[in-house]
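# Here is a sequence together with a model predicted from it:
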Amino acid sequence: MKIEEVDVLVIGAGPSGSVSSAYLNNNNVKVKVVEKAAFPRPVIGESLIPRVMDHFDEVGLIPAITKAGFEKKWGARFIRDDETCVFDFGDKFGKGWDWTWQVPRADFDLVIANEVQRQGVEIEFESEVINVEFNDSDSITTIQDKEGNKKQIKAKFIIDSSGYGRVLPTLMNLDAPSSVSGNSSIFTHTIDVNRPKGEEGTMITFDILETKVWFWVIPFSNGVSSLGVVGPTEFIESLSKNGDSEEAIRKVISLSKHYKERFIKNEFLFKPVMLKNYSCSVSQLYGKGFALTGNSSGFLDPVFSSGVAFATESGILSAKLITRQLNGEEVDWETEYSDYIRRGVAVFSTYVSEWYTGNLQKVFFHQPSDPEVKRKICAVLAGYVWNKENPFVKKHHRAIKGMAYAIDMLSS
Ligand SMILES: Cc1cc2nc3c(=O)[nH]c(=O)nc-3n(C[C@H](O)[C@H](O)[C@H](O)COP(=O)(O)OP(=O)(O)OC[C@H]3O[C@@H](n4cnc5c(N)ncnc54)[C@H](O)[C@@H]3O)c2cc1C
């Protein structure tokens with residue numbers, strides 16, 4: 001069988017694989033990406049957060065994305081019956097980007113993959129990784145194209161950015177229970193014919209239907225909006241008799257006071273997708289000759305749109321560490337990679353858990369709102385979860401619980 005040789009093999013050309021391969025290529029590392037699908041391909045994860053801009057900027061992707069004209073995202077709105085809480089990233093505590101995009105991911109991922117290829121990265125589409133074997137100094141990966149032809153690739157490192165494909169976690173038995181679990185989702189796209197003009201039409205919104213159930217509306221610049229619901233799996237399953245995802249999402253739309261009129265009569269652009277129990281985690285984030293990045297390394301919950309930001313954060317960091325190691329430097333993967341990524345995940349994990357206990361919702365909707373508290377929470381929602389100057393990062397375990405307790409005390 002033909003054997004190709006590279007320094008780094010990246011599995012998957014989603015945001016994580018694109019950013020890591022771009023970084024490696026820009027730093028003269030011989031890299032190749034193998035991607036199972038033909039692009040554009042469907043994938044969920046349409047609301048970005050500002051932290052991703054740092055990563056796209058660092059590998060020179062911003063001009064190509066800007067040219068594509070995606071909808072700018074300045075903040076996010078949370079609504080609960082007649083209560084509203086808007087976060088404007090421009091008000092956030094600390095440094096960092098104060099805007100990003102909300103994007104149909106099939107188009108977005110195609111734009112970044114095209115740009116990465118233009119920069120010189122080789123992406124082999126419609127080729128699936130089916131096996132990986134590690135030996136002392138490198139790895140041999142077997143890939144198969146859509147005609148069934150097999151080929152092997154020898155690499156010093158593998159970055160597994162295979163997202164929901166979870167190639168190495170599956171082959172190496174690295175799955176571990178997630179700290180957040182038991183949620184499912186249904187989502188689809190619609191041509192937003194009743195979209196109001198101005199911010200009401202374009203603002204990304206999370207409509208809270210019950211403490212543990214929320215409905216998203218993500219308007220895109222092409223006139224299409226993404227609609228989705230998240231909730232406990234039993235709730236999602238109870239929405240229709242025979243698991244009919246269209247019946248289920250129509251029921252959710254009818255429950256939304258705010259959006260019922262705008263969407264109830266709309267046709268959907270594809271049959272609503274039902275994704276059950278999507279949270280996942282791994283027992284280790286790296287090993288000799290490999291790193292897991294993005295969803296391959298785990299996924300919490302969509303409520304704060306952190307998935308793509310973690311995908312690019314881990315993608316670019318793993319690429320930096322590999323580049324250093326290939327240049328003969330010592331790298332401490334435990335502290336420089338695993339501890340770092342897990343610290344950020346822990347912050348988001350607290351916010352996600354406190355969202356579903358209802359504590360965070362209590363803080364969001366409390367009136368009068370405290371602008372300083374809001375600025376600090378806003379920085380977390382923007383993805384700046386490593387900034388220890390922010391007490392809502394540093395003391396994340398106690399901050400939200402403490403605020404919710406104080407609100408309860410005030411109102412009792
Ligand atoms: C309901 C729901 C809503 C979400 N909403 C958001 C959101 O609003 N914002 C957000 O940031 N995140 C969101 N996410 C999370 C988001 O989908 C992911 O975190 C993000 O797409 C991860 O990017 P990635 O690059 O790791 O993987 P992906 O984007 O999934 O890319 C992985 C690539 O690997 C390829 N691949 C898989 N297996 C193989 C193989 N064997 N060989 C070769 N290639 C392979 C796939 O074809 C794919 O192209 C949501 C998730 C869910 C479940």
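Nice, thanks for sending it over. No experiment lies behind these values; they were computed from the predicted model shown.

# residues in the stretch 1-150 of the chain within reach of the ligand, list them.
Applying CB under 6 Å from any ligand atom, we find that the stretch 1-150 of the chain lies next to the ligand at 11-17, 34-37, 41, 43-48, 128-129. The way it works is simple: take the backbone N, C-alpha and C, and place the C-beta from them, glycine included.

# quick one: contacts for Ser137?
Ser137 is in contact with Lys156, counting by CB atoms under 8 Å, 6 or more residues apart in numbering.

# Look at it and tell me its secondary structure.
Of the three states, Ser137 takes coil according to DSSP: H, G, I helix; E, B strand; the rest coil.

# now it: how far from Cys280?
The span separating Ser137 from Cys280 equals 31 Å under the rule CB to CB, to the nearest Å.

# Would you mind listing which of the residues of the stretch 1-150 of the chain next to the ligand are buried?
Neighbour-count burial (16 or more other CB atoms under 10 Å) is assigned, among those, to 11-17, 34-37, 43, 45-48, 128-129.

# Sticking with the residue nearest to Ile400 when sequence neighbours are not counted, tell me its helix or strand.
Of all residues beyond its chain neighbours, the one nearest Ile400 is Glu354 (4.3 Å), with distances taken as CB to CB, 6 or more residues apart in numbering. If you go by DSSP states H and E, Glu354 is part of helix 340-357.

# Contacts for that helix next, please.
Counting by CB under 8 Å, 6+ apart, the neighbours of helix 340-357 from elsewhere in the structure are 179-180, 211-212, 285, 297-298, 300-301, 303-304, 306, 310, 313-314, 317, 360-361, 380-381, 385-386, 393, 396-397, 400-401, 404.

# Which of these are buried, as a PyMOL select command?
The buried subset of the contacts of helix 340-357, as determined by 16+ other CB under 10 Å, is captured in PyMOL by this line:
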select buried, resi 179+180+212+285+297+298+300+301+303+304+306+310+313+314+317+360+361+380+381+385+393+396+400+401+404
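
# Inside strands: which ones of the contacts of helix 340-357?
Counted as lying in strands by DSSP state E, out of those, are Gly298.

# before we move on, the earlier item: what number of residues lie near the residue nearest to Ile400?
Residues lying near Glu354 (other CB atoms under 10 Å) number 21.

# Repeat that for the one 5 residues further on.
For Asn359, the neighbour count with other CB under 10 Å is 21.

# Name the nearest residue to it, ignoring sequence neighbours.
Ala404 (3.7 Å).

# what does Pro50 give?
If the residues on either side of it in the chain are set aside, Pro50 comes closest to Trp97, at 3.8 Å by CB to CB, 6+ apart.

# can you tell me which residues contact the one you found?
For Trp97, the set of contacting residues under the criterion of CB under 8 Å, 6+ apart consists of Pro50, Arg51, Met53, Asp54, Phe89, Ala382.

# and which of these is nearest Asn27?
Relative to Asn27, the closest of the contacts of Trp97 is Asp54; by CB to CB it sits at 17.0 Å.

# picking up where we left off before, can you lay out the contacts of Trp97 as CSV showing secondary structure?
Output for the contacts of Trp97, formatted as CSV (three-state DSSP):
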residue, secondary structure
Pro50, coil
Arg51, helix
Met53, helix
Asp54, helix
Phe89, helix
Ala382, coil
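
# The residue nearest the centre of the chain - nearest residue in space that isn't next to it in sequence?
Computing the C-alpha centroid of the chain and ranking residues by CA atoms, centre = their mean puts Gly307 first, at 1.7 Å. Nearest residue to Gly307, sequence neighbours excluded (CB to CB, 6+ apart): Gly45, at 5.0 Å.

# Touching, that neighbour and Val308? I think so.
Yes: under the criterion of CB atoms under 8 Å, Gly45 lies in contact with Val308, with a separation of 5.3 Å.

# With Ser369 as the reference, measure out to the residue nearest to Asn359.
The value you get for Ala404 to Ser369, if CB to CB is used, is 14 Å.

# Now do Pro15, the pLDDT please.
Model confidence at Pro15, expressed as pLDDT, equals 98.

# do Met1 as well
Per-residue confidence (pLDDT) for Met1: 71.

# which residues does it contact?
Residues in contact with Met1 (CB under 8 Å, 6+ apart) are Thr142, Lys150, Lys151, Gln152.

# A strand includes the residue nearest to Pro50, no?
No: secondary structure of Trp97, determined by three-state DSSP: coil, with no strand assignment.

# The nearest residue to Glu83 once chain neighbours are set aside: neighbouring residues, count only.
Closest residue to Glu83 in three dimensions, ignoring its sequence neighbours and counting by CB to CB, 6+ apart: Phe365, at 4.6 Å. For Phe365, the count of nearby residues is 17 (other CB under 10 Å).

# Check Ser139 too.
18.

# ok, it touching Gly287?
No: with contact defined as CB under 8 Å, Ser139 does not reach Gly287; the gap is 10.4 Å.
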